[in-house]
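> I would like the atomic coordinates for the input below:
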Amino acid sequence: MSAFILLVVLTACATKGPVTATEPQITALAQSLRQMSPDVDPREADRAARISYQTAFALAQTYQITDHPLIHNSKVNAGTKPRGLCYHWAEDMQARLLAEGFETLDVTRAIANSHTRFLIDHSTAVLIPTGANMKDGVVIDPWRGGGRLFWSPVTQDSRYNWLPRAQVLRDKGRIHYVHRTGGSLAAPPID
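Numbers count the residues shown, from 1 in each chain. Here you go, the predicted structure:
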């Protein structure tokens, strides 16, 4: 019964489809990106902010978002919606931002809840100054708002404790390294 009540509450609070960003929202994100480092080009920060909001809106339409993210996830898993799991958002957002070829911004991925049995892993894209640590970046997360872009400096995201995606995959044994001798780029020996 309590699961049914939770479902009703989530449905009542559900987003009813994508919304476009306002100029103040875009400006606020751009300002946060500029504040990451004095090395971030302000024009790139402006462009990345606008693209992040535009991409969140476009993906929400493509993914046919009409429900709360958890309800949409169940529809994707049941095969009635095409995409829209958090890692889809993260993949597609990262690909779109990387396509810009920024010189002072990098795009990386992060995962939260990877070390708990009770919560589902959550993936996101993170914008960082070129060569910086993920913790110095800004989370770009359209999943949690059902297509409405959430962003925050990584260390100020009160909902999730983000870890670099590569670290999580290594910890879970999903990345394996082949040891080669002397820095060789030749194929590893066949045993």
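> Gln35: neighbour count?
12 (other CB atoms under 10 Å). All C-beta atoms are positioned from the backbone trio N, CA, C, and that covers glycine.
> For it, give me phi and psi.
Phi and psi for Gln35, reported as degrees, to the nearest 10, are phi -70, psi -10.
> Next up, the contacts around the residue nearest to the spatial centre of the chain.
Nearest residue to the geometric centre of the chain (CA atoms, centre = their mean): Thr124, 1.9 Å. Residues in contact with Thr124 (CB atoms under 8 Å, 6 or more residues apart in numbering) are 86, 89-90, 109-112, 139-141, 143, 160, 162.
> Wasn't it part of a strand?
Yes: counting by DSSP: H, G, I helix; E, B strand; the rest coil, Thr124 is part of a strand.
> Now flag whichever of the contacts of Thr124 is closest to Leu59.
For the contacts of Thr124, the residue nearest Leu59 by CB to CB is Trp89; the value is 6.4 Å.
> Verify the stated contact: that closest one with Asp141.
Yes: counting by CB atoms under 8 Å, Trp89 touches Asp141, with 7.4 Å between them.
> Give me the common contacts of these two.
Joint contacts of Trp89 and Asp141 (CB under 8 Å, 6+ apart) are 124-125.
> gap between the residue lying closest to Trp89 once chain neighbours are set aside and Arg165?
Using CB to CB, 6 or more residues apart in numbering and skipping residues adjacent in sequence, the residue nearest Trp89 is Trp143, 4.4 Å away. When distance is defined by CB to CB, to the nearest Å, Trp143 is 15 Å away from Arg165.
> Looking at these two, which one has more neighbours?
Set side by side, Trp143 and Arg165 show more neighbours around Trp143, with 28 against 23, by other CB under 10 Å.
> residue contacts, that one?
Taking CB under 8 Å, 6+ apart, we find Trp143 in contact with 69, 84-86, 89-90, 122-124.
> Tell me which residues of stretch 66-82 come out buried.
Going by neighbour count (16 or more other CB atoms under 10 Å), the buried part of stretch 66-82 is 66-69, 72-73, 75-76, 81.
> cool, stretch 88-108 as well?
Those would be 88-90, 92-94, 96-97, 102, 104-108, for stretch 88-108 by 16+ other CB under 10 Å.
> still on that earlier bit, format the contacts of Trp143 as a markdown table; extra columns: distance to Ala56 and pLDDT.
Putting the contacts of Trp143 into a markdown table (distance: CB to CB, whole Å; pLDDT from 0 to 100) gives the following:
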| residue | distance to Ala56 | pLDDT |
| --- | --- | --- |
| Pro69 | 13 | 89 |
| Gly84 | 12 | 91 |
| Leu85 | 15 | 92 |
| Cys86 | 13 | 88 |
| Trp89 | 8 | 94 |
| Ala90 | 12 | 94 |
| His122 | 16 | 85 |
| Ser123 | 15 | 93 |
| Thr124 | 12 | 95 |
